[in-house]
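**Student:** how does the following fold in three dimensions:
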Amino acid sequence: MQIFINTYGTYLHVKDEMFEIRVRESKQEKFKTNHIAAHKITSFVVSKGAAITTDAIALALRHNIDIVVVENDGHPMGRFWHSKLGSTTKIRKQQLEASLNQEGIRWVKTWIGEKLANQSEYLIDLAKHREKLRNELQEKAKKIQEYRSRIEELEGKQVSEIAEMLRAMEGNAGRVYFEGLSQSIPKEFKFDGRSFRPAKDAFNAMLNYAYGVLYSRVERALMLAGLDPYVGFMHRDDYNMKSLVFDFIEPYRIHAERCVFGMFSTKKVNKAFFNEITGGVSLNQDGKPVLVEHFVKYLDQDQIRYLGRNQSRSNALQMDAHKFANSLIGKV
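**Tutor:** Numbering: from 1, shown residues only. Here you go, the predicted model:
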């Protein structure tokens, strides 16, 4: 279970070896108190304005519970996590080596290729229910597949040699894809491409928050698999940049996109969920719980067919992270 703490003034501490969460919606209301056993929780996602005791942090660490502190737009700022590696250092050594050779290229092409395949497939799905847009959406899906093929044809000895072309084709495909989503969304929520920090429109505000949730999930999955989130293959090794998170997340962005777009197209979103801010739009305290409820259900409860078994999307992501780590040390 993932617990989201978004209400200002929420207090998380320990009582009787259980987490106690005290929250109230306004100063006029009494505190509501919830007690949750540690073994039922996988992570806390906490917005600014909450208080956490060191006892609560210690209890979380003892039970491998992740505590992620997020910005107002859902982007992770940092996390409390124990100092153990959780696996052999051999994985990290091989990860570093792969980041500098052709194995890195193979993985980057795989991740971006899957991302573009997901985008293309989603536009084809949308086209089935939009007769007037059908031809145009199918044409866009085809265009994205062409970019995917061109990425497959790229060759080099290490990622840096083809990184510029990879980014160009990934970016071009993304513009085609989000143009298709904007054409398909209800009129009042149409948007002009991707925007963030701040989002320029309601769709991007909600999608950015969902991506933020996904970033924290991906980082956790990588750490549990024994990988170093800071040693990426494609994204730059900038100061404090979790490059591997930004690389590995690519095939899973579709989870946020399908969930958020589905909420808009089925009228589960209204304009009261958003506030106007300087230069853009933000998801407010009414909108965040609605998104979180839908997205967590989509990730953790809804089942997909994966490797011949029914799995949650979260489990599938974790299995992929382990598979990637094992492949680096030759176990796959």
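
**Student:** could I get the full set of strands for the stretch 51-200 of the chain?
**Tutor:** 51-52, 66-70, 76-80 (DSSP state E, counting those that start in this stretch).

**Student:** domains of the chain?
**Tutor:** 2-80, 89-328 (the TED database).

**Student:** pick the most deeply packed of these.
**Tutor:** Burial of the domains of the chain is given as mean neighbour count (mean count of other CB atoms under 10 Å); domain 89-328 ranks first at a mean of 18. Using the backbone N, CA and C atoms, a C-beta is placed for each residue, glycine as well.

**Student:** average pLDDT for that one?
**Tutor:** On average, the pLDDT along domain 89-328 is 93.

**Student:** may I ask which helix or strand encompasses the residue nearest the centre of the chain?
**Tutor:** Residue closest to the average C-alpha location in the chain (CA atoms, centre = their mean): L214, at 1.9 Å. If you go by DSSP states H and E, L214 is part of helix 202-224.

**Student:** now the angle between strand 76-80 and that helix, please.
**Tutor:** 30 degrees (axes from the mean of the first three to the mean of the last three CA atoms, to 10 degrees).

**Student:** can you offset everything so residue one is 54?
**Tutor:** Let's use 54 as the start, then, which means that last one is helix 255-277.

**Student:** could you measure from Q147 over to I165?
**Tutor:** Applying CB to CB, to the nearest Å, the value for Q147 to I165 is 21 Å.

**Student:** that older thread, least reliable of the strands of the stretch 104-253 of the chain going by mean pLDDT?
**Tutor:** strand 129-133 (a mean of 82).

**Student:** about what we covered before: quick check: what element follows the helix holding L267 along the chain?
**Tutor:** The helix or strand immediately downstream of helix 255-277 is helix 296-301, counting by DSSP H and E.

**Student:** from H135, how far out is the most far-flung residue of the chain relative to its centre?
**Tutor:** Largest separation from the mean C-alpha position in the chain: Q81, at 36.0 Å (CA atoms, centre = their mean). Q81 is 40 Å from H135, where distance means CB to CB.

**Student:** list the contacts of stretch 231-246.
**Tutor:** Contacts with stretch 231-246, where a contact means CB atoms under 8 Å, 6 or more residues apart in numbering, come from 176, 179, 183, 186, 189-190, 193-194, 228, 247, 253-257, 310, 314, 317-318, 320, 322, 324.

**Student:** nearest residue to C312 in space, ignoring adjacent ones along the chain?
**Tutor:** Taking CB to CB, 6 or more residues apart in numbering, and ignoring the residues beside it in sequence, C312 has Y351 as its nearest neighbour in space, at 4.5 Å.

**Student:** do you know how far that neighbour is from I105?
**Tutor:** For Y351 relative to I105 (CB to CB), the value is 27 Å.

**Student:** cool, E82 as well?
**Tutor:** 21 Å.

**Student:** R201 now?
**Tutor:** 44 Å.

**Student:** next: I74.
**Tutor:** 10 Å.

**Student:** just R220 next, same as before
**Tutor:** In terms of CB to CB, R220 sits 38 Å off from I105.

**Student:** if we can go back for a sec, what helix or strand is the residue nearest to the residue nearest to the centre of the chain when sequence neighbours are not counted located in?
**Tutor:** Closest residue to L267 apart from its sequence neighbours, by CB to CB, 6+ apart: A309 at 5.3 Å. Taking DSSP H and E as the criterion, A309 maps to helix 306-318.

**Student:** what does the helix or strand that that helix is followed by contact?
**Tutor:** Per DSSP H and E, the first helix or strand lying C-terminal to helix 306-318 is strand 327-330. With contacts defined as CB under 8 Å, 6+ apart, strand 327-330 is touched by P251, A255, A258, V334, S335, L336, N337, G340.

**Student:** go on, stretch 97-104?
**Tutor:** Residues outside stretch 97-104 that contact it (CB under 8 Å, 6+ apart) are 55-65, 105, 113, 118-125, 266, 269.

**Student:** how about F244, phi and psi?
**Tutor:** phi -140, psi 160 (degrees, to the nearest 10).

**Student:** that should have said D69, apologies.
**Tutor:** phi 50, psi 40.

**Student:** next: the one 5 residues further on.
**Tutor:** Its backbone dihedrals place I74 at phi -110, psi 120, with angles given as degrees, to the nearest 10.

**Student:** does it touch T60 like I think?
**Tutor:** No: using CB atoms under 8 Å as the test, I74 is too far from T60 to be in contact (9.8 Å).
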